[in-house]
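>>> Mind looking at a prediction? Sequence and model below.
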Amino acid sequence: SGGGSSEGGDGGGGDELITVGFAQTGSESGWRSANTESMKTAFSTENGFELTFNAADNDTAAQIAAVRDFINQGVDAIVIAPIVEDGWDDVLQEAADAEIPVILEDRTVSSSDDLFASWVGLDFKKEGVMAGEWAAETFGDTPTKMVVLEGTTGSAPANDRAEGFDEAIDGTAIEKIDSQTGDFTRDGGKTVMEGFLQKYGADGIDLVYAHNDDMALGAIEAIEAAGAVPGVDIQIVSIDAVKDGMQALVDGKINFIVECNPLLGELAAGLVKDVLAGDEVEKKVYVSDQTFTQEQAAEVLDDRLY
Ligand code: GZL
Ligand code: ZN
């Protein structure tokens, strides 16, 4: 018979493991590695799951194909960290038709929230606001030339972190002279920053807003190669607070970091179990963030979990 019936959604009766397909973005950053580890730990057999993991190497078509594979496998539930916000309607509808619930973790989609059971993650716009408020307080009415290292084009964090930051610096003397995607990777941040330094010179840039630490770390390499001092000649504000970013903050090469907590595995696993058990779940589950100055980073660095 065509298609076959997908087992989806029976939640694995008795001691049967709950089969879950997880479509991860890829392995683009330190944050992503910590998030993947958290997810694999939570969706373990000891916790009652049989996890099929796919990392899409930041390729949206590959990620959507992985979700289609999970539907064809007839998994009980699908978890996605969607690389970009758009283009999800069709495959999410196919999952719904197959009665396989979808839980989003980390990033979100522009599709109707009828097409997924729940989302757990961070308030990216708030992260942008917190970074922008630091910049506004630090530079205020001092004419400041800023360049932006954007995250993956079309991703929720890139869109929302830009929006929040721009709102927070509105009315200040901070001028965004350039903005380009470094795709959340260290190499991407380095290459884009090299281009900015070529174009404006180190003296022509006062501030870098990096949408994540990995791109900030790449920018630091480019700034030092240009003979300038990161954190002094060119200040840097970043988001994530992964270990390497926090170390650079302690070393004075980054000036302020907004945390973005990658440890979402337990919450995502709990949502899958609740949804399969037919329990009511929140459509959006927000995890809180915090911010770090150089002094605060020095106090907590050794205790950080990621
Ligand atoms: C944010 C997450 C972003 C991180 C980057 O929750 O989607 O993707 O900020 C990661 O480091 O690549
Ligand atoms: Zn089952």
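Nice, thanks for sending it over. Ligands and ions are numbered 1, 2, ... in the order given.
>>> Show the model's pLDDT score for D15.
pLDDT, D15: 73.
>>> Look at it and tell me its secondary structure.
coil (DSSP: H, G, I helix; E, B strand; the rest coil).
>>> give me the number of residues near it?
6 (other C-beta atoms under 10 Å). Where you see a C-beta, it was placed from the backbone N, CA and C, and this is true even at glycine.
>>> again, but for A156
24.
>>> what does the one 4 residues further on give?
Here the neighbour count serves as a burial measure; for D160 (other C-beta under 10 Å) it reads 23.
>>> So it sits against A131, correct?
No - D160 lies out of contact with A131 (C-beta atoms under 8 Å); the separation is 11.5 Å.
>>> So Q180 is in contact with E150, correct?
Yes - between Q180 and E150 there is a contact at 6.3 Å, judged by C-beta under 8 Å.
>>> which of these two has more neighbours?
Under the neighbour definition other C-beta under 10 Å, Q180 and E150 were set side by side, and E150 has more, 25 against 16.
>>> which residue packs closest to the more buried one, ignoring adjacent ones?
In space, and not counting its chain neighbours, E150 is closest to T181: 4.3 Å by C-beta to C-beta, 6 or more residues apart in numbering.
>>> Contacts only, for the one you found.
L149, E150, G151, T152, T153, A158, G188, V192 (C-beta atoms under 8 Å, 6 or more residues apart in numbering).
>>> how about 10 Å then?
148-155, 158, 188-189, 192, 211, 215 (C-beta atoms under 10 Å, 6 or more residues apart in numbering).
>>> What of D183?
26, 28-29, 58, 149-153, 155, 158, 189, 191-192, 211-212, 214-215.
>>> Among the residues you listed, name the buried ones.
26, 28-29, 58, 149-152, 155, 158, 189, 191-192, 211-212, 214-215 (16 or more other C-beta atoms under 10 Å).
>>> out of these, who's near ligand 1?
E28, S29, N212, D214 (C-beta under 6 Å from any ligand atom).
>>> For stretch 64-73, report the contacting residues that lie outside it.
For stretch 64-73, the external contacting residues (C-beta under 10 Å, 6+ apart) are 3-4, 6-8, 19-24, 52-56, 59, 75, 77-80, 82-83, 87-88, 90-92, 94-98, 100, 102.
>>> For the stretch 201-306 of the chain, which residues are neighbours of ligand 1?
Counting by C-beta under 6 Å from any ligand atom, the residues of the stretch 201-306 of the chain that sit close to ligand 1 are N212, D214, I239, D240, C260.
>>> Export those residues to CSV and append columns for secondary structure and distance to G227.
Below are these laid out as CSV (DSSP: H, G, I helix; E, B strand; the rest coil; distance: C-beta to C-beta, whole Å):
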residue, secondary structure, distance to G227
N212, coil, 25
D214, helix, 23
I239, strand, 27
D240, strand, 27
C260, coil, 31
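>>> In the residues you listed, find the pair that's most separated.
Comparing every pair within these by C-beta to C-beta identifies D214 and C260 as the most remote, at 11.8 Å.
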